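In: Sequence and predicted structure are below.
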Amino acid sequence: MALQLRPNCEYCDRDLPPDATNARICSYECTFCADCVETKLSNVCPNCGGGFAPRPIRPTREWRPGVCTTKQAPSDKRVHLKYSQEDVAAHCARVKDVPPEKR
């Protein structure tokens with residue numbers, strides 16, 4: 001199963017195309033831009049409480065049969081936070097001092 005490669009930051013709605021080097025994901029594929037992860041979220045996923053890693057870039061060229069963005073298209077469904085910015089700030093403040101590997 002391939003990553004969805006969601007097209008936007010769930011916090012600020014910035015476009016994050018499949019080749020975006022500033023896309024960050026948690027283990028549930030919640031997707032945010034690096035700026036929001038660092039300045040707004042303190043490396044805390046507002047949905048699950050986990051940490052973030054850079055989202056991999058899916059190859060555009062078909063190096064192996066069936067494996068590229070044209071054969072496994074990225075998602076076009078934009079995702080947005082279901083929590084208020086105040087709730088997100090409180091959640092992130094509560095969790096940020098716990099290292100991601102201990103959450």
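Out: Cool, the structure landed.

In: Could you check how far the residue nearest to the spatial centre of the chain is from R61?
Out: Nearest to the mean C-alpha position of the chain, by CA atoms, centre = their mean, lies T31 at 1.8 Å. From T31 across to R61, the span is 23 Å (CB to CB, to the nearest Å). Backbone N, C-alpha and C define where each C-beta goes, glycine included.

In: Ok, Y83 next?
Out: 38 Å.

In: returning to what we had before: what number of residues lie near the nearest residue to the residue nearest to the centre of the chain once chain neighbours are set aside?
Out: Leaving out its chain neighbours, the residue that sits closest to T31 by CB to CB, 6 or more residues apart in numbering is R6, at 4.1 Å. Look at R6: counted by other CB atoms under 10 Å, it has 22 neighbours.

In: my guess is R6 meets D76, correct?
Out: No: under the criterion of CB atoms under 8 Å, R6 makes no contact with D76, lying 9.2 Å away.

In: any residues in contact with both of those two?
Out: Counting by CB atoms under 8 Å, 6 or more residues apart in numbering, R6 and D76 have no shared contacts at all.

In: give me phi/psi at the closest residue to D15 other than its chain neighbours?
Out: Among residues not flanking D15 along the chain, N8 sits closest, at 5.9 Å (CB to CB, 6+ apart). Per-residue torsions, N8: phi -150, psi 160 (degrees, to the nearest 10).

In: ok, N8 to L16 distance?
Out: N8 is 6 Å from L16, by CB to CB.

In: list residues touching both of the two?
Out: If you check N8 and L16 against CB under 8 Å, 6+ apart, the residues they both contact are T31.

In: Isn't L3 up against A23?
Out: No: if you go by CB under 8 Å, L3 and A23 don't touch, sitting 10.2 Å apart.
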